[in-house]
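Engineer: With the sequence up front, the predicted model follows.
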Amino acid sequence: MRETPRPRGTAGESGSELPQHRPGRAFAHTTGAPRSGTPHRSDGRPSHTPRGARQTGPLVRSGTTPPVPGRTALLLSLVSGLSALFALTTWQIASDGPLRGLDERAGRALVGHGPRWLTEFLADLGNMQVALPVLGCAVGWSLLRGRRRAPLGAVLAMAAVPLLVVPLKDWIARPGPLTESTGYYPSGHAATAAVAYGASALLLGGLVRRRAWMMPVAAVLLTAATGIGLVLRGYHWPLDVLGSWFLCGLLLVLPGVLSRSRRRSSSRTPSC
């Protein structure tokens, strides 16, 4: 006659030992445990606790850039500021305001300063024969690199220069510093230089990865040099140049926005 085995325990324990884990049941509830023969609700499913359901942050795919909320406000501020400055300058010139008198006194004091060959060279930077080939090279390179919208915006901005400048010249009919003939506000040479060099910098800056900051710096220097040459040679009053810069800043918004949108769309493309 066999004896019934007694439960194991130590001296002083009043009851039987604690239940042991059974394979296939208790371990099946552990997250990531292999499936046992008996189906369990927690096998292969995410946790239903509030901690497991809470998202730790916004889901952003690799290669995407979250939108910058202040970019639109900055663009609107820039457009509003340039529009206000251009409107103020045009109003002062057309109504013979105080700024026009100050502008003419400053212009007469600046005419003739500097070496003639240098000021003539700087003023010629705003000629169509000089500025348009620079823009054409930038547009051609952008097209070869597969870009379409940004070069189109640059061409449209350049085409808008005579459409806006010529009617303003005829309407305001401002005489020049060294002549009684009219049609000097705004400056066509300053406008041509600003749009051609500015749009070229926007196009090339999106293609050159290293030292891209050199493009806008070069555009600003060339545009400023053109305006200085025009004033020192007596071809335009200072406000003629400033008014053109304010107007052309508005024209450069289109290629600038298209260039940035192209840059953002290329950054969102996942790399293979």
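Structural biologist: Yep, it's here. Fair warning: this is a prediction, and the values are worked out from it, not measured in the lab. Residues are numbered from 1 along each chain as shown.

Engineer: Can I get the host helix or strand of L203 in PDB, CA atoms only?
Structural biologist: Assessed by DSSP states H and E, L203 sits inside helix 188-205. Provided in PDB are the C-alpha atoms of helix 188-205 (Å, rounded to 0.1, in the frame of the first residue of the first chain):
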ATOM      1  CA  GLY A 188      14.400 100.800 -65.000                       C
ATOM      2  CA  HIS A 189      18.100  99.900 -64.600                       C
ATOM      3  CA  ALA A 190      17.800  99.400 -60.900                       C
ATOM      4  CA  ALA A 191      14.700  97.300 -61.300                       C
ATOM      5  CA  THR A 192      16.400  95.100 -64.000                       C
ATOM      6  CA  ALA A 193      19.400  94.500 -61.800                       C
ATOM      7  CA  ALA A 194      17.400  93.700 -58.700                       C
ATOM      8  CA  VAL A 195      15.100  91.200 -60.400                       C
ATOM      9  CA  ALA A 196      17.800  89.600 -62.600                       C
ATOM     10  CA  TYR A 197      20.400  89.100 -59.900                       C
ATOM     11  CA  GLY A 198      17.900  88.400 -57.100                       C
ATOM     12  CA  ALA A 199      16.100  85.700 -59.100                       C
ATOM     13  CA  SER A 200      19.400  84.200 -60.200                       C
ATOM     14  CA  ALA A 201      20.400  83.900 -56.500                       C
ATOM     15  CA  LEU A 202      17.100  82.200 -55.600                       C
ATOM     16  CA  LEU A 203      17.500  79.700 -58.400                       C
ATOM     17  CA  LEU A 204      21.200  78.900 -57.900                       C
ATOM     18  CA  GLY A 205      20.800  78.900 -54.100                       C
END
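
Engineer: Could you list every helix and strand that it packs against?
Structural biologist: Counting contacts by 3 or more CB pairs under 8 Å, 6 or more residues apart in numbering; DSSP states H and E, helix 188-205 is packed against helix 128-144, helix 149-172, helix 214-232, helix 238-251, helix 253-268. In short, each C-beta sits where N, CA and C put it, glycine included.

Engineer: What is the neighbour count of Y185?
Structural biologist: 27 (other CB atoms under 10 Å).

Engineer: quick one: contacts for it?
Structural biologist: Y185 makes contacts with 90, 93, 168-169, 172, 174, 237, 239-240, 243, as judged by CB atoms under 8 Å, 6 or more residues apart in numbering.

Engineer: ok, back up a step: can you tell me which of the helices and strands packed on helix 188-205 is nearest to L203?
Structural biologist: helix 128-144 (4.4 Å; CB to CB).

Engineer: Name the residues that touch the closest one?
Structural biologist: Outside helix 128-144, the residues touching it (CB under 8 Å, 6+ apart) are 124-125, 150-151, 154-155, 158, 192-193, 195-197, 199-200, 203-204, 206-207.
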